[in-house]
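Q: can you look at this prediction? I've put the sequence above it.
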Amino acid sequence: MADPEVEIFWPSSLPSTPALEQQDVLREAGVTATCMLRPTRRGATDAVLVLVTSAVLEPFLSTLFGRLAEQAHKGLQAFVDGLLGGRSDGAEAPDGVIVESAEGGRVTFTADLPEQAYEQAVGLEACGDRWTWDSRRAIWTPA
């Protein structure tokens, strides 16, 4: 696998501190990471787009987030929580984090996901599909 590269597109309507902090976490793990502000669109929800520019999504998630924590799903959860997590300063947070690969696989994470969702996400073969968590069935499903 090529060295991972990540671009974080952060909604410009929100304070950028969480995005910059997670960019630093990725860089400390040896990942080339860039954070860019995305213009606010009228009527759109504030979601973070994390673009994986150099890898297929499934091996990327397990490899990258294995660098951030002993268990890859814990690293992924910590990364998403860092972007979505409750701000102690009361600032607004994005509605979700969308992780998208160059091949088009797309996984949407929200703040209310159980640990099981992260466990499944690191092994998800998400090529070309858009995946959302089905809480009723406790499984990722293509949208």
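A: Looks like it arrived, so ask away.
Q: going forward, measure contacts between C-alpha atoms and count neighbours the same way
A: OK.
Q: and the helices in the protein?
A: Here the chain has its helices, by DSSP state H, at 17-28, 57-68, 72-84, 115-121.
Q: worst mean pLDDT among those helices?
A: Note on the helices of the chain: lowest mean pLDDT is at helix 57-68, with a mean of 69.
Q: before we move on, the earlier item: I'd like the helices of the chain laid out as CSV, including mean neighbour count and distance to Thr108.
A: Below are these laid out as CSV (neighbours: other C-alpha atoms under 10 Å; distance: least, C-alpha to C-alpha, whole Å):
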stretch, mean neighbour count, distance to Thr108
helix 17-28, 18, 17
helix 57-68, 20, 13
helix 72-84, 21, 10
helix 115-121, 18, 10
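Q: closest to Ala102 out of these?
A: Evaluated over these, closeness to Ala102 peaks at helix 57-68, with 8.3 Å, by C-alpha to C-alpha.
Q: for Thr17, give its distance to Met36.
A: Per C-alpha to C-alpha, to the nearest Å, Thr17 is found 12 Å from Met36.
Q: do the same with Gly96
A: Gly96 sits 17 Å away from Met36, going by C-alpha to C-alpha.
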